[in-house]
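here are the coordinates; sequence isn't available:
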């Protein structure tokens, strides 16, 4: 008789309270998330808000596991969608649905999304937010805080976020994107492989062209410093040791973060041993890094 795989239902229920939550952005877009809180919550103070990377969403199994570990250790965790979740998605809101996903989102709209989630956290009774932005989510958290300067944002955790500090997509297809937009095909997809990431995906012509504004706001332009040089809250950054490739020196990325975040109250960088970009199997190390950030923020608050 063949052996049976262990049933997932045999796992013990996590020692946390979990529930779905919703947010409404200022422009009417509806977003979803998962709130994971310790069973013994005590007073509400700091909450970690986790922002997904490109083509993923709030309910990835790694994110949920990171959240459960973090909440079990005492720090509430809210994993959330932006309108850029998945490859393509219609978001409810306004007079008609908004086309989002990694191929069609407008990067600067992330300010609406993250503002809505900060407001949700405050509405739940929390007073401080630690943003954890995975990959492209780190760029969104960084852009949001550089634009808003929200006092409630106690810290930024840039989790494997090379996109927060450097451009990945070339300009080789600018002429094609311009011609597509001129022909009224701005929402059509560029050739596969234009996505600028390891998934070898693609983006719309509009996304490809609009990234010029994104790059100015993220990496600086003229007299405007990079977003990382404009934030004043503590910055925590890490990469997994298994993310390093011949064209991706994560230690150099951390050096660049330390050299750019000149106004940050403090900078904490680290390499997570044996961890890859998607954090599969590395959930404990990522949770520990988040918990360390929360402890540092608590200590700095108490010392103030």
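That came through, no problem. Note that the structure is a prediction, hence the values are computed from the model and not measured.

please count neighbours and contacts with C-alpha atoms only from this point.
OK.

helix/strand/coil for residue 21?
In terms of secondary structure, residue 21 is strand; the call rests on DSSP: H, G, I helix; E, B strand; the rest coil.

partners of the closest residue to it other than its chain neighbours in the sheet?
Spatial nearest neighbour of residue 21, excluding adjacent residues (CA to CA, 6 or more residues apart in numbering): residue 33 at 5.2 Å. The partner list for residue 33 in beta bridges (DSSP bridges) reads residue 21, residue 80.

how far away is residue 33 from residue 57?
Note on residue 33: its distance to residue 57, by CA to CA, to the nearest Å, is 9 Å.

and the gap between the residue nearest to residue 21 and residue 82?
Distance of residue 33 to residue 82, computed by CA to CA: 9 Å.

more neighbours: the two, which one.
Set side by side, residue 33 and residue 82 show more neighbours around residue 82, with 33 against 22, by other CA atoms under 10 Å.

which ones are touching the more buried one?
The contact partners of residue 82, taken as CA atoms under 8 Å, 6 or more residues apart in numbering, are 31, 51, 52, 110, 113, 114.

looks like the second one contacts residue 133 (just checking).
What that stands for is residue 51. Yes. Because the distance of 4.7 Å satisfies CA atoms under 8 Å, residue 51 is recorded as touching residue 133.

so after the strand or helix carrying residue 110, what's the next helix or strand?
With secondary structure defined by DSSP states H and E, residue 110 is part of helix 110-123. Helices and strands here follow DSSP H and E; after helix 110-123, the next one along the chain is strand 128-134.

and that following strand with helix 110-123, angle?
Counting by axes from the mean of the first three to the mean of the last three CA atoms, to 10 degrees, strand 128-134 points 140 degrees away from the direction of helix 110-123.

mind listing what's buried along the helix or strand that strand 128-134 is followed by?
Of the helices and strands lying after strand 128-134 in sequence (DSSP H and E), the nearest is helix 136-148. Buried residues in helix 136-148, defined by neighbour count with 16 or more other CA atoms under 10 Å: 136, 137, 138, 139, 140, 141, 142, 143, 144, 145, 146.

determine which two of those residues are furthest apart.
Within the buried residues of helix 136-148, two members stand farthest from each other by CA to CA: 136 and 146, at 15.4 Å.

how far does the strand or helix carrying residue 256 sit from its chain's centre?
Residue 256 is part of helix 250-260 when elements are defined by DSSP H and E. Centroid separation between helix 250-260 and its chain, computed with CA atoms, centre = their mean, to the nearest Å, is 18 Å.

what is that helix packed up against?
Using 3 or more CA pairs under 8 Å, 6 or more residues apart in numbering; DSSP states H and E as the contact criterion, the elements in contact with helix 250-260 are helix 227-230, strand 235-240, strand 267-272.
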